[in-house]
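Undergrad: return a 3D structure for these sequence lines:
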Amino acid sequence: MTDNVLSIFDTESASEAGSWLHLAKPGTGGEPAYADKEQKKPLRLKLKGPDSDTWTAFQRKAMRQAGKKDNRTAKDVALEDAQLFARMTLETENIPGYEDPDHEKLIEMYRNYKDIRVQALQYVLDQENFIGKPLTD
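TA: Here you go, the predicted structure:
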């Protein structure tokens, strides 16, 4: 019985398993985006969560860099973010041109579409998206 009770604290497994982000249309206050007019094909990304090894390593690196002079350009930061979110992405769904993406394709998508990076970041930062509810495929 103790194991079942303590399983709620296993946020690492939930983060590694990932959760689906349904992308929203920019500037709509969260209106879901679809690949079709019938709204049967949601634009979704399955992302690792904030307690995943990938995110934890990113945070450690950011903390080490915090005190150092930052000479990166906005393009440099965008590329680094794109690389991070490419590693955080487990699957895509109904995203034209990225249906079966490899790592380089994901980097391209995140680099080219800032709003997708922003939505992914906001989603990952909310731990509730990765715990307390069953994952849907």
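Undergrad: in this structure, which spans are strands?
TA: 19-22, 44-47, 89-93 (DSSP state E).
Undergrad: paired strands for the second one, with orientation please.
TA: In the sheet containing strand 44-47, the strands it pairs with under DSSP bridges are strand 19-22 (antiparallel), strand 89-93 (antiparallel).
Undergrad: quick one: that strand to chain centroid distance?
TA: Its chain's average C-alpha position is 6 Å from that of strand 44-47, according to C-alpha atoms, centre = their mean, to the nearest Å.
Undergrad: show residues contacting it.
TA: Contacting residues not belonging to strand 44-47 are listed as 18-23, 85, 88-95, 116, 120, 123-124 [C-beta atoms under 8 Å, 6 or more residues apart in numbering]. Heads up, the C-betas are built off the backbone N, CA and C, glycines and all.
Undergrad: low pLDDT regions in this protein?
TA: When residues are selected by pLDDT under 70, those of the chain lie in 1-3, 66-67, 132-137.
Undergrad: kindly recompute the last result at 90.
TA: Counting by pLDDT under 90, the ranges of the chain that qualify are 1-14, 53-78, 80, 98-102, 131-137.
Undergrad: grab the longest helix from it for me.
TA: With DSSP state H applied, the helix covering the greatest number of residues in the chain is identified as helix 74-88.
Undergrad: which parts of stretch 81-92 are buried?
TA: Buried residues in stretch 81-92, counted by 16 or more other C-beta atoms under 10 Å: 81-89, 92.
Undergrad: and it, how far from the chain's centre?
TA: Using C-alpha atoms, centre = their mean, the distance between the centre of stretch 81-92 and that of its chain works out at 6 Å.
Undergrad: now do stretch 95-102
TA: For stretch 95-102, the gap between its own C-alpha mean and the chain's C-alpha mean amounts to 15 Å (C-alpha atoms, centre = their mean).
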